[in-house]
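*Asks:* need coordinates for the following:
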Amino acid sequence: MPAAKPARSNPSPRRVAIACQGGGSHTAFTAGVLQALLHGIDAEKHHLLGLSGTSGGALCAALAWTGLLEGDPKRGASLLDAFWRKMSASQLPDF
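*Replies:* Modelled structure (predicted):
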C-alpha cells in the first residue's frame, strides 16, 4: 500500500475559471450562484482566474468580475442583485 502524502502546511489556492450559461431562467440561476460564490469566496482556498459567459451569462460574469477587479467580491454580488431587481417585473403589464 502506498504511503499517504503528507499534507502541505500552506497549500496553494485551487485555480478556478467559470463559464456562465445564458438563456432565460439559466441566466437567473447563474446570477444566484455567482452571488452565493462572491459572498463566500475564500481566497486562501480558491483563486478565481476568470469568468466568461454567453448572452445573459456574459452580463452576469461582467458584473461579478467588476467586483473582483475592484478587490471587493461582495460588490460584485451587490451589482448582480441590483441588476436583477431592476430587470424584474414588479407588476403585471397593462394591455
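
*Asks:* in terms of helices and strands, where is the residue nearest the centre of the chain?
*Replies:* In the chain, the C-alpha nearest the mean C-alpha coordinate belongs to Leu34, at 2.7 Å (C-alpha atoms, centre = their mean). Leu34 is part of helix 25-40, with elements assigned from DSSP states H and E.

*Asks:* what's the first helix or strand after that helix?
*Replies:* Trace forward from helix 25-40 with DSSP H and E and the next one is strand 46-53.

*Asks:* now that following strand: buried residues?
*Replies:* Across strand 46-53, burial judged by 16 or more other C-beta atoms under 10 Å covers Leu48, Leu51, Gly53. C-betas here are computed from N, CA, C, even on glycine.

*Asks:* from those, which is closest to Thr30?
*Replies:* Taking C-beta to C-beta as the measure, Gly53 is the one of the buried residues of strand 46-53 closest to Thr30, at 7.2 Å.

*Asks:* in the sheet, who's paired with the closest one?
*Replies:* Gly53 has these beta-bridge partners by DSSP bridges: Cys20.

*Asks:* between the helix or strand harbouring Lys86 and helix 25-40, how big is the angle?
*Replies:* With elements taken from DSSP H and E, the one containing Lys86 is helix 73-87. Computed by axes from the mean of the first three to the mean of the last three C-alpha atoms, to 10 degrees, the angle separating helix 73-87 from helix 25-40 equals 150 degrees.
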